[in-house]
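Novice: Quick one: sequence and predicted model below, then my questions.
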There are 2 protein chains.
Amino acid sequence: MTATTGKAATIKDVAREARVSVASVSRSLNGNGGVTAETALRIRAAADRLHYVPHAAARMLITRRSNTIGALLPDLYGEFFSELIRGIDLAARARGLHLLVSSSHDGAEDAAAALRAMQGRVDGMLILSAHVDAAFLQANLPRSLPAVLLNSAVTSPAYAVLNVDNYAGAYAMVRHLLGAGHASVALIAGPAGNFDAQQRDKGYRAAMAKHAPHAPITVLAGDFSEESGYRAGREVLALRPRPRAVFAANDMMAVGCLAAFKEAGVRVPQDIALAGFDDIPIARYVTPPLSTVRVSIAELGRSALERLAALLEKTEPLPAHADTLGCKIVIRESCGASLIATSIQNILSTSHP
Amino acid sequence: MTATTGKAATIKDVAREARVSVASVSRSLNGNGGVTAETALRIRAAADRLHYVPHAAARMLITRRSNTIGALLPDLYGEFFSELIRGIDLAARARGLHLLVSSSHDGAEDAAAALRAMQGRVDGMLILSAHVDAAFLQANLPRSLPAVLLNSAVTSPAYAVLNVDNYAGAYAMVRHLLGAGHASVALIAGPAGNFDAQQRDKGYRAAMAKHAPHAPITVLAGDFSEESGYRAGREVLALRPRPRAVFAANDMMAVGCLAAFKEAGVRVPQDIALAGFDDIPIARYVTPPLSTVRVSIAELGRSALERLAALLEKTEPLPAHADTLGCKIVIRESCGASLIATSIQNILSTSHP
DNA sequence: GATGCGAACGTAATCGTTTTCATGGGGATT
DNA sequence: AATCCCCATGAAAACGATTACGTTCGCATC
């Protein structure tokens, strides 16, 4: 045991201990050949004995790689956040990448500051933020830093984006409601500027146009909050004729809407059917359980990381730039469809305008 | 504009541009004096012009500080996870620290590997993991790396630990149930090895001993899953005499238990009262809404980071080593207490054996 | 006018790795 | 037996910052 007292062992210490040069240690430990099996063994032994761990900073400096990717996330909803991180983290670990997280950003400049702070610490970025548009990226994202945008409206082919297929999900749910015998379906919309909300709105309209061309298009305002869902629910009850079904652009609004219905003594699904979007955990526990559209958030995170990893490996700019992730509709009791054999239907992921 | 074409500007480029030495650039930009106001201005100008950002790795190498803290987290429940990260992240950002996350660890060696991988990339660690005990830390955590343990049973004064006051929370809830007129209270326990579960169990027993010394102690097995809560609920119904109230060691079990009661046509709270622990979002939405104990998870994360930051600043070993975070009981309908003016009571955070 | 002193600034060592290039020795080939 | 080549190895140059230590001034003091 040679001087175990000092701080951390460096590559030099290992070299001395194994009686070779630092170059050999480096080569050997990094798996690049050029070392006798015997000396490799001696080196590994010395390394363990000294508890040698390569100094990350030194390696980063010379290698110009941090093996770290950054995730820039807004201040977002519980379940969504944790699932997303889980997906990213799992995929990252599988690839030996570290994950630097910066979440809870409110304003655009808040996000910009965070992005700048990550400069040089990460090899690539995963970005999910409402404030991020092409101009923002132009100004704050160095051209040399690969990035994947999640759920973004950015269309520039210069950036890789990955969206969940809100359109197809909404379309499928509305079609299901119509197919279950509800002749008219109203939509509780999400916030006007929100990309997801817009896509879901489009899906609703498309499904109505296709499968119930003569039914009225009814859209109530909402902002994804439970409160706004409650208000919209009361508006729905005041409508004449009253729609047979309500599709809320997210589950929280559906839950609020359900409260309004209960309060008014309107039964779900007998008097009016209800469906949401997201499949948050609460959806299963309200009474009646809420039919909804499930998005595999973890999958989104995983895919995003894989995509980014691909960008990191190739120096070539990759071809495909916009991708879409499918979702499933989950039929529970609130939509009044008698339970079919399979209560979950897959929706093909398709691209859409 | 001098050679804006190249890759990233280094301190040398700035020095050349401002016609001073690199030492002056470093001093000036880092706020250490020794520079004329005039040259400082020239340097800053040159730096912006070149979009100079100091190379993190180079700085880390010489400084031996990464300004990054690592968070080692198990594979844990949605809301808890996101709130915890939020609290940590907010506090970290306020201090200019970065956050390196490694989550979803299952086994002890999984965690060990993650811990090792973070070596040298972080200045300190936040650790929350069931597999972490004193021996584990001894083996895998370098003595030189400051760390704060969250919700840990480790008692060694060598490590800083921060726990939520499960004991006081459980105690207060059970006392409340007894005070509300329910003469007997049964507990659905958590997994045997779990630290939180143990503390909640102790709180239950202490409250019973103190406020209902003659009532029987009834403990049903559970493992924090909804399923186990359902099973325990059925066991409760078979009990003779049937307890007047059930306290589940977490909300998910309470939800499962509630399902069992509903299925059997037993009304909550009229026939039997029910309470949980954690205040997960679902608790508000089940019917009837669930009384529970709220833990401010974000606060836990924030405190942990502050604590760690303190460790980082002082080289002195800090005195206090174990701390505890209070929680509140949240009274909703499931426990059958008529709603009092304030439905949330604060519980003083006290230390306990 | 010589001396001392402090502020402003530059030179160079340093951090721990990777990587290029040179070197030497030991087969294999001729 | 001479030549060639390959392969294991080592020496040293990067990488980009911080900082200890000199150096050069200008100015006040004696």
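Specialist: Okay, I see it. Numbering: from 1, shown residues only, chains lettered A, B, ... in the order given.
Novice: So what's the residue count around the residue in the stretch 101-250 of chain A that DNA strand D sits nearest to?
Specialist: Nearest residue of the stretch 101-250 of chain A to DNA strand D (C-beta to the nearest atom of the strand) works out as residue A:120 at 8.0 Å. Heads up, the C-betas are built off the backbone N, CA and C, glycines and all. For residue A:120, the neighbour count with other C-beta atoms under 10 Å in any protein chain shown is 20.
Novice: What residues does it make contact with?
Specialist: With contact set as C-beta atoms under 8 Å, 6 or more residues apart in numbering or on different chains, residue A:120 has these partners: A:66, B:8, B:53-57.
Novice: Looks like residue A:71 contacts residue A:126 (just checking).
Specialist: Yes - with contact defined as C-beta atoms under 8 Å, residue A:71 reaches residue A:126; the gap is 4.6 Å.
Novice: so what sits against both of those two?
Specialist: Shared contacts of residue A:71 and residue A:126, counting by C-beta under 8 Å, 6+ apart, come down to residue A:88.
Novice: Give me the number of neighbouring residues for residue A:107.
Specialist: Using other C-beta under 10 Å, residue A:107 has 9 neighbouring residues.
Novice: how deep is the closest residue in space to it that isn't next to it in sequence tucked in, by neighbour count?
Specialist: Distances taken as C-beta to C-beta, 6 or more residues apart in numbering or on different chains place residue A:131 nearest to residue A:107, at 6.8 Å, with adjacent residues excluded. As a burial measure, residue A:131 scores 14 neighbours (other C-beta under 10 Å).
Novice: Mind checking what secondary structure residue A:131 has?
Specialist: coil (DSSP: H, G, I helix; E, B strand; the rest coil).
Novice: For it, list the residues it contacts.
Specialist: Contacts for residue A:131 (C-beta under 8 Å, 6+ apart) come out as A:74, A:105, A:107-108, A:111.
Novice: So which of these are in helices?
Specialist: A:108, A:111 (DSSP state H).
Novice: DNA strand D next: which of the contacts of residue A:131 are close?
Specialist: Counting by C-beta under 7 Å from any atom of the strand, the subset of these that neighbours DNA strand D is empty.
Novice: Weed out the non-buried ones from the contacts of residue A:131.
Specialist: Among these, those buried by neighbour count (16 or more other C-beta atoms under 10 Å in any protein chain shown) are A:74, A:105, A:108, A:111.
Novice: Quick check: the gap between the closest residue to residue A:42 other than its chain neighbours and residue B:127.
Specialist: Nearest-residue entry for residue A:42: residue A:18, 4.8 Å, with adjacent residues in sequence omitted and distances by C-beta to C-beta, 6+ apart. From residue A:18 across to residue B:127, the span is 33 Å (C-beta to C-beta, to the nearest Å).
Novice: which one of the two has more residues nearby?
Specialist: Per other C-beta under 10 Å, whichever of residue A:18 and residue B:127 has more neighbours is residue B:127, with 25 against 22.
Novice: Quickly name whichever of the contacts of residue A:131 is closest to chain B.
Specialist: Nearest to chain B, judged by C-beta to the nearest C-beta, of those is residue A:105 at 9.2 Å.
Novice: Surely the closest one touches residue A:74?
Specialist: Yes - Residue A:105 lies in contact with residue A:74 (C-beta under 8 Å); the separation is 5.4 Å.
Novice: Now do the shared contacts for these two.
Specialist: Joint contacts of residue A:105 and residue A:74 (C-beta under 8 Å, 6+ apart) are A:111, A:129, A:131.
Novice: Which parts of chain A are helices?
Specialist: Under DSSP H, chain A gives helices at A:11-18, A:22-29, A:37-49, A:56-63, A:78-94, A:108-118, A:134-140, A:166-179, A:195-211, A:226-238, A:251-263, A:297-313.
Novice: Tabulate these (CSV), appending mean pLDDT.
Specialist: Below are the helices of chain A laid out as CSV (pLDDT from 0 to 100):
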stretch, mean pLDDT
helix A:11-18, 92
helix A:22-29, 92
helix A:37-49, 92
helix A:56-63, 94
helix A:78-94, 89
helix A:108-118, 88
helix A:134-140, 88
helix A:166-179, 96
helix A:195-211, 96
helix A:226-238, 96
helix A:251-263, 95
helix A:297-313, 92
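Novice: Tell me which of these lies nearest to residue B:152.
Specialist: Each of these has some distance to residue B:152 by C-beta to C-beta; the shortest is helix A:78-94, at 20.9 Å.
Novice: by contact count, what packs against that closest one?
Specialist: Here helix A:78-94 touches strand A:68-74, strand A:98-105, helix A:297-313, helix B:78-94, strand B:98-105, going by 3 or more C-beta pairs under 8 Å, 6 or more residues apart in numbering or on different chains; DSSP states H and E.
Novice: Phi, psi for the residue of the stretch 101-250 of chain A closest to DNA strand D please.
Specialist: phi 80, psi -10 (degrees, to the nearest 10).
Novice: So it versus residue B:227, what's the distance?
Specialist: 48 Å.
Novice: now residue A:18
Specialist: Distance of residue A:18 to residue B:227, computed by C-beta to C-beta: 54 Å.
Novice: Then residue A:218?
Specialist: Taking C-beta to C-beta, one finds residue A:218 at 41 Å from residue B:227.
Novice: The two: which has the busier surroundings?
Specialist: Comparing residue A:218 with residue B:227 by other C-beta under 10 Å, the one with more neighbours is residue A:218, at 18 against 14.
Novice: Across the sheet, point out what pairs with that one.
Specialist: residue A:186 (DSSP bridges).
Novice: What's the separation between it and chain B?
Specialist: Note on residue A:218: its distance to chain B, by C-beta to the nearest C-beta, to the nearest Å, is 26 Å.
Novice: What pLDDT does the model give that residue?
Specialist: If you check residue A:218, the pLDDT there is 97.
Novice: and if you look at residue A:9?
Specialist: What the model reports for residue A:9 is a pLDDT of 89.
Novice: Look at residue A:289 and say how many residues are nearby.
Specialist: Neighbourhood size, residue A:289 [other C-beta under 10 Å]: 15.
Novice: Distance-wise, check it relative to DNA strand D.
Specialist: As judged by C-beta to the nearest atom of the strand, to the nearest Å, residue A:289 and DNA strand D stand 57 Å apart.
Novice: residues touching that residue, list them.
Specialist: Contacts of residue A:289 (C-beta under 8 Å, 6+ apart): A:283, A:332-334.
Novice: Ok, residue A:307 next?
Specialist: Residue A:307 neighbours (C-beta under 8 Å, 6+ apart): A:148, A:160, A:162, A:323.
Novice: Dump those to a markdown table, plus pLDDT and neighbour count.
Specialist: Below are the contacts of residue A:307 laid out as a markdown table (pLDDT from 0 to 100; neighbours: other C-beta atoms under 10 Å in any protein chain shown):
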| residue | pLDDT | neighbour count |
| --- | --- | --- |
| A:148 | 94 | 26 |
| A:160 | 91 | 24 |
| A:162 | 93 | 24 |
| A:323 | 83 | 16 |
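Novice: Redo the residues you listed as TSV? Include distance to residue A:139.
Specialist: Formatted as TSV, these follow (distance: C-beta to C-beta, whole Å):
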residue	distance to residue A:139
A:148	19
A:160	18
A:162	22
A:323	25
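Novice: Now, those residues that are in strands?
Specialist: Assigned to strands by DSSP state E, the following of the contacts of residue A:307 qualify: A:148, A:160, A:162, A:323.
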